[in-house]
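Student: Quick check, what structure comes out for this input:
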Amino acid sequence: MEVTLEEMTVEMCETTEVHEELLKTVRETMPEETELYDLAELFKVFGDSTRIRILFVLFEAEVCVCDLAQALGMTQSAISHQLRILKQNKLVKNRREGKSIFYSLADEHVRTIIEMGREHIEEE
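Tutor: Numbering: from 1, shown residues only. Below is the predicted model:
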């Protein structure tokens, strides 16, 4: 994706005019700093293409680490590391069946976040 010089330019006001009513609304609706921090941390988790690939596999089926490693051409250790991060952030869940651990999406919000992201990057 190539970025033009025009796209890098940020337009600015020619005068300084504070819109107090607008700022009042913003101050009243702005979430607490801790919530903003937590939200930023969540989005950082989506900043790794391996984790995104894992989520796409989990869109299709509940799978074990062996299946994920095979599907993505990675080691089980590398997959486990990424699954730990996804689980800590409540994006995936797991269940035991005999000696196997199966992973799945934690809930439909995960799919929605990814789908909305895809829609956004595919916009003209």
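Student: what residues does the helix or strand that contains F43 touch?
Tutor: Assessed by DSSP states H and E, F43 sits inside helix 33-45. Residues from elsewhere that reach helix 33-45 (Cβ atoms under 8 Å, 6 or more residues apart in numbering): P31, R51, I85, L86, N89, L91. Heads up, the C-betas are built off the backbone N, CA and C, glycines and all.
Student: After that helix, which helix or strand is next?
Tutor: With elements assigned by DSSP H and E, the helix or strand that comes after helix 33-45 is helix 49-60.
Student: Could you export that following helix as PDB, CA atoms only?
Tutor: C-alpha atoms of helix 49-60 as PDB (Å, rounded to 0.1, in the frame of the first residue of the first chain):
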ATOM      1  CA  SER A  49       0.000 -11.600  12.000                       C
ATOM      2  CA  THR A  50       0.600 -15.000  13.600                       C
ATOM      3  CA  ARG A  51      -2.200 -14.400  16.200                       C
ATOM      4  CA  ILE A  52      -4.500 -13.200  13.400                       C
ATOM      5  CA  ARG A  53      -3.800 -16.400  11.400                       C
ATOM      6  CA  ILE A  54      -4.600 -18.500  14.500                       C
ATOM      7  CA  LEU A  55      -7.900 -16.600  14.900                       C
ATOM      8  CA  PHE A  56      -8.800 -17.200  11.300                       C
ATOM      9  CA  VAL A  57      -8.200 -21.000  11.800                       C
ATOM     10  CA  LEU A  58     -10.400 -20.800  14.900                       C
ATOM     11  CA  PHE A  59     -13.200 -19.100  12.800                       C
ATOM     12  CA  GLU A  60     -13.600 -22.400  11.000                       C
END
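Student: Report the mean confidence score over that helix.
Tutor: In this model, helix 49-60 has a mean pLDDT of 97.
Student: So for that helix, what gets flagged as buried?
Tutor: By 16 or more other Cβ atoms under 10 Å, the buried positions in helix 49-60 come out as R51, R53, I54, L55, V57, L58.
Student: what sits up against it?
Tutor: So helix 49-60 is in contact with 45-46, 63, 67-68, 71-72, 74, 78-79, 82-83, 85-86, 91-92, 103-105, 110-111, 114, going by Cβ under 8 Å, 6+ apart.
Student: Separate out the buried members of the residues you listed.
Tutor: For the contacts of helix 49-60, buried by 16+ other Cβ under 10 Å: 45-46, 63, 67-68, 71-72, 74, 79, 82-83, 85-86, 91-92, 103, 105, 110, 114.
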